[in-house]
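> need coordinates for the following:
(one chain, ligands or ions: 1)
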Amino acid sequence: MVQRTLLQAFHWYYPGDGRLWPDIEEKAASLADMGVTDVWLPPVYKGAAGGQSVGYDVYDLFDLGEFDQKGGVPTKYGDRGALERAAHALEEKGIGVIYDVVFNHKMGADETERVQVHRVNPDNREEIDSETFEATAHTRFTFPGRQGRYSEFIWDAKCFSGVDRIEDPDENGIFKLVNAYDDGWSVEVGEEFGNFDYLMGSDIEFRNKAVYEELKHWGRWLMDELPSAGFRLDAVKHIPAWFFRDWIGHMRESAGKDLFVVAEYWLPDLDALRGYLDLVDHQLMLFDVALHYNFHDASKGGADYDLRTLFDGTLVGAMPEHAVTLVANHDTQPLQSLEAPVEPWFKPLAYALILLREQGVPCVFHPDLYGAKYTDKGGDGENHEIEMPAIACLPALIAARQRFAHGPQTDIFDDPNCIAFVRHGTTEAPGCVVVMTNAGEAAKSVELGQEMAGVAFRDFLGHRDDEVTTDEMGRAGFPVNAGSVSVWVRGDTL
Ligand code: CA
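Next up, the predicted model:
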């Protein structure tokens, strides 16, 4: 049985110059061989920063690097032809293509409009000034370079609920646009700052039926244009849940197949995630933010961290069928806004925990597989040179998921510094014994049962080169190096 394994195929500082799409095309075969089943692409459409844009500053959803807009034709990752070749290369290797859906806002308007606005208290967005006044806002998107191809929809102030910049009078802040839906912000959004509908840019007004239909049209169009296995939904706590409750069903119906959908609701709060899953009728999965923070804490804590608490408060612990587990992503990498990096020594342990256990769908981060080196300004305004080394054992861990992460699971979480779990295998596929420690070299005594008596095990990761043989009761002590992980598998399955 093939087990779903995602790769986030980009990071914030991936080089521009259209290198990503050809790179993905080239890597498709090796990713399939390794055991990656789905690839999450960065936003495939034109951002306000054109060829420099990572993609979250959406300008035109229909410009996949095809039109001369925002300073050129290609996106940061290449032109539309290169995107098509990459997506088809993945599909040919049996890899699903997951698209990043950034629906919360738009940026880089083509024209301004005179609009009526209310000032809003940024710290409590429920406090909307009752007074309205006229100002100029960047809210009109006509896409002159595209000339109505694929969609003739023109976005204007009626399509947005708020902006953070007005002119004449010139002010920065948060401004609620006066529109036909002017009974405050949308409901069914995050509760931080009173109401977290507004995040950035020109905030999309989902209560506008024409907007709603346009976003459905776009989803159907994308699936017609490119091979599609699903979506990654950006910033959903800023978008009314009722919108995706409908949109996902519509996409699945249009696709005529099941689609994999994972949403980014960035809050390490199980109750909030549960509440969101209820609101969207459990139609999607969520990234396990709490587990990511636990990995961060464990990597900082060293031997002071109690490994038995790693799954406390996590989505994968409480609702495993809805959890996409991760060790790092483009928002948590060094110099980014949600920076909470997991220290390199702990990453092999964290990846073993997401890749080899029964619960959750793991998502591997591009730099952890391929490495990354970049320079950017930090919060201190200084330039920082960052090197994220590739994790040497990660390809083996991804392969181990397909080869050995099978069958029932037994946890041996009996020591704060050394934990283990057993995958017992099935009649078709072998299992494994995973041992890890955040302290000195250790060993875990494991009982595998009499049917596993006298079996020789080797460490699939090669961190240990000794052999472990079970006794007549199927027992053995499985060793692990200091601050490391070993994946013990039957020697005769190698
Ligand atoms: Ca919003």
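> confirm for me that N329 is in contact with L7.
No. The criterion here is C-beta atoms under 8 Å, and N329 misses it with L7 at 11.6 Å. Using the backbone N, CA and C atoms, a C-beta is placed for each residue, glycine as well.
> quick check, the longest helix along the chain touching the ion?
Using DSSP state H, we find that the single longest helix of the chain is helix 209-225. No. Using C-beta under 5 Å from the ion, we find that helix 209-225 stays clear of the ion, coming within 11.7 Å at best.
> tell me the first helix or strand C-terminal of that helix.
Secondary structure here is assigned by DSSP states H and E; on that basis, the next helix or strand after helix 209-225 toward the C-terminus is strand 230-233.
> quick one, the helix or strand just after that next one and helix 209-225 angle?
Next in sequence after strand 230-233, counting helices and strands by DSSP H and E, comes helix 241-255. For helix 241-255 against helix 209-225, the angle between stretch directions is 40 degrees (axes from the mean of the first three to the mean of the last three C-alpha atoms, to 10 degrees).
> quick check: buried residues in helix 241-255?
Residues of helix 241-255 classed as buried: A241, F243, F244, D246, W247, I248, M251, A255 (neighbour count, 16 or more other C-beta atoms under 10 Å).
> which two in those residues are spaced the farthest apart?
For the buried residues of helix 241-255, with distances taken as C-beta to C-beta, the pair at the greatest spread is A241 and A255 (21.2 Å).
> surely R464 and V480 touch.
Yes. The pair R464 / V480 is scored as a contact, 7.3 Å apart, by C-beta under 8 Å.
> looking at those two, which is more packed in?
When neighbours are counted by other C-beta atoms under 10 Å, R464 and V480 differ, and V480 comes out ahead with 26 against 20.
> can you pull up the bridge partners for the nearest residue to that one once chain neighbours are set aside?
Here the nearest residue to V480 in space, its sequence neighbours aside, is V435; by C-beta to C-beta, 6 or more residues apart in numbering that works out to 4.4 Å. For V435, the beta-bridge partners are A420, S486 (DSSP bridges).
> list residues touching both of R464 and V480?
Taking C-beta atoms under 8 Å, 6 or more residues apart in numbering as the contact criterion, the residues that touch both R464 and V480 are S486.
> if we can go back for a sec, so what secondary structure elements neighbour the longest helix of the chain?
Contact here means 3 or more C-beta pairs under 8 Å, 6 or more residues apart in numbering; DSSP states H and E; on that basis helix 209-225 packs against helix 241-255.
> tell me how far the helix it packs on lies from the chain's centre.
In this view, helix 241-255 has its centroid 19 Å away from the chain centroid, taken as C-alpha atoms, centre = their mean, to the nearest Å.
> quick one: mean pLDDT for stretch 231-248?
The predicted model assigns stretch 231-248 a mean pLDDT of 98.
> try stretch 212-223
Stretch 212-223 shows a mean pLDDT of 98 in the predicted model.
> just the helices from the stretch 251-400 of the chain, written as ranges.
Listed from the start of the chain, the stretch 251-400 of the chain has helices (DSSP state H, counting those that start in this stretch) covering 270-279, 289-301, 315-318, 347-355, 366-370, 394-404.
> in the stretch 201-350 of the chain, which residue sits nearest the ion?
Per C-beta to the ion, the residue of the stretch 201-350 of the chain with the smallest distance to the ion is H238, at 4.0 Å.
> OK, contacts around that residue?
Going by C-beta under 8 Å, 6+ apart, H238 touches N104, V189, G190, F196, D197, Y198, L199, D203.
> related to what we said a few turns ago, so how far is V489 from the residue nearest to V480?
The spacing between V435 and V489, counted by C-beta to C-beta, to the nearest Å, is 12 Å.
> can you list the domain ranges for this structure.
Under the assignment named as automatic domain parsing, the residue ranges that make up the domains of the chain are 6-104+210-400, 106-207, 407-493.
> out of the ones you listed, indicate the one that is most buried.
Among these, ranked by average contacts under mean count of other C-beta atoms under 10 Å, first place goes to domain 6-104+210-400 (a mean of 20).
> how far does it stretch from start to finish?
Chord length of domain 6-104+210-400, first to last residue, is 14 Å (C-alpha to C-alpha, to the nearest Å).
> low-confidence regions, the stretch 1-150 of the chain specifically.
Filtered on pLDDT under 70, the stretch 1-150 of the chain yields no residues whatsoever.
> enumerate the residues of it near the ion.
Along the stretch 1-150 of the chain, the residues adjacent to the ion under the rule C-beta under 5 Å from the ion are N104.
> for the stretch 1-150 of the chain, which residue gets nearest to the ion?
With distances taken as C-beta to the ion, the stretch 1-150 of the chain approaches the ion most closely at N104, which sits 4.6 Å away.
> quick check: residues of the stretch 201-350 of the chain near the ion?
Residues of the stretch 201-350 of the chain lying close to the ion (C-beta under 5 Å from the ion) are D203, H238.
> 8 Å - rerun?
Residues of the stretch 201-350 of the chain found near the ion (C-beta under 8 Å from the ion) are D203, I204, F206, A235, H238, I239, P240.
> which pair of these spans the longest distance?
The widest separation within those, taken as C-beta to C-beta, falls between F206 and A235 and amounts to 13.0 Å.
> just the CA atoms of stretch 88-105, as PDB, please.
Output for stretch 88-105, consisting of C-alpha atoms alone and laid out as PDB, is shown next (Å, rounded to 0.1, in the frame of the first residue of the first chain):
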ATOM      1  CA  HIS A  88       2.800  16.600 -16.400                       C
ATOM      2  CA  ALA A  89       6.200  15.100 -15.500                       C
ATOM      3  CA  LEU A  90       4.900  14.600 -11.900                       C
ATOM      4  CA  GLU A  91       1.600  13.200 -13.200                       C
ATOM      5  CA  GLU A  92       3.500  10.700 -15.500                       C
ATOM      6  CA  LYS A  93       5.400   9.500 -12.500                       C
ATOM      7  CA  GLY A  94       2.200   9.000 -10.500                       C
ATOM      8  CA  ILE A  95       2.800  12.000  -8.300                       C
ATOM      9  CA  GLY A  96      -0.200  14.100  -7.400                       C
ATOM     10  CA  VAL A  97       0.100  17.900  -7.900                       C
ATOM     11  CA  ILE A  98      -1.200  20.100  -5.000                       C
ATOM     12  CA  TYR A  99      -1.800  23.700  -5.800                       C
ATOM     13  CA  ASP A 100      -1.500  26.600  -3.300                       C
ATOM     14  CA  VAL A 101      -4.700  28.600  -3.200                       C
ATOM     15  CA  VAL A 102      -4.300  32.200  -2.000                       C
ATOM     16  CA  PHE A 103      -7.800  33.600  -1.800                       C
ATOM     17  CA  ASN A 104      -7.600  36.000   1.200                       C
ATOM     18  CA  HIS A 105      -6.400  39.100  -0.600                       C
END
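> okay, now the unreliable bits of the stretch 251-400 of the chain?
Using pLDDT under 70, the flagged stretches of the stretch 251-400 of the chain are 337-338.
> list the residues that contact L83.
W21, V44, L64, G65, Y77, L226.
> now do 7 Å
Counting by C-beta atoms under 7 Å, 6 or more residues apart in numbering, L83 makes contact with W21, V44, L64, G65.
> having no further points to raise, I will conclude here.
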